[in-house]
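Student: here is the input, now give the coordinates:
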Amino acid sequence: MPLRPRRPATLVAVLALGVALTALTGCSSTETGARAEAADGPSAATSRSASGGSGPTGTSPIVFAFTCTVGNGPSVETYTTSSAVWEDGRTSCTAAPITGTVPSAQQQSALDAARGAATLEELAAGCAVSGTGPWRSPVKSAEQADLAAGLERYCPGHPDMDRLRDALAAHRG
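Tutor: Numbering: from 1, shown residues only. Prediction:
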């Protein structure tokens, strides 16, 4: 089957994607413990295509990019890993799938634990933020407990994980 020539923007996007994946793989090998798990887990992402496509492509796992508000104004910043969001201390983010079409085993486990309290996009966005919401609040309802259980499985390397586990344990009694 003959190959069709690619538009320059598409080629640049493909090359950028390859470089980003190589960088993520190379960087993650220097990390240890749960932080490496979080960086290599379902919330690690690659760059968006230069053509501006926002829908997912390819196969599992589903990978997300995070768009987070900056301050109280309309400014936003886009991140490719949850750990980058943690470093900047963002507390309000959305997640959009940029590649993949099927949840990974870890993502599916998190969805199962959440028992309908959150979508995969909501779990990814929740994993990206820190210092707020379920990471710092008491668990007061069954729905909050399901969300906390989903986040616990989705992002085990989160910097506020101990607080989340304590809140979940207190709720369960």
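
Student: in this structure, which spans are strands?
Tutor: For the chain, the strands defined by DSSP state E occupy 63-69, 76-79, 93-99.

Student: as CSV, those with distance to Asp162 would be great.
Tutor: For every residue, glycine as well, the C-beta is placed using N, CA and C. Shown next, in CSV, are the strands of the chain (distance: least, C-beta to C-beta, whole Å):
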stretch, distance to Asp162
strand 63-69, 22
strand 76-79, 23
strand 93-99, 21
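
Student: any chance of the ones you listed in TSV, plus mean pLDDT?
Tutor: Formatted as TSV, the strands of the chain follow (pLDDT from 0 to 100):
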stretch	mean pLDDT
strand 63-69	97
strand 76-79	96
strand 93-99	96
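
Student: just send those strands back as CSV, with mean neighbour count and distance to Pro159 too.
Tutor: CSV is the format used below for the strands of the chain (neighbours: other C-beta atoms under 10 Å; distance: least, C-beta to C-beta, whole Å):
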stretch, mean neighbour count, distance to Pro159
strand 63-69, 22, 15
strand 76-79, 16, 15
strand 93-99, 21, 15
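
Student: nearest to Gly116, out of these?
Tutor: Closest approach to Gly116 among those is made by strand 93-99 (17.8 Å; C-beta to C-beta).

Student: partner strands of the closest one, with direction?
Tutor: Using DSSP bridges, the strands paired with strand 93-99 are strand 63-69 (antiparallel).

Student: so what pLDDT did the nearest residue to Cys127 once chain neighbours are set aside get?
Tutor: In this structure, Cys127 finds its nearest non-sequential neighbour in Cys155, 3.6 Å apart by C-beta to C-beta, 6 or more residues apart in numbering. Looking at Cys155, its pLDDT stands at 96.

Student: cool, thanks, talk later.
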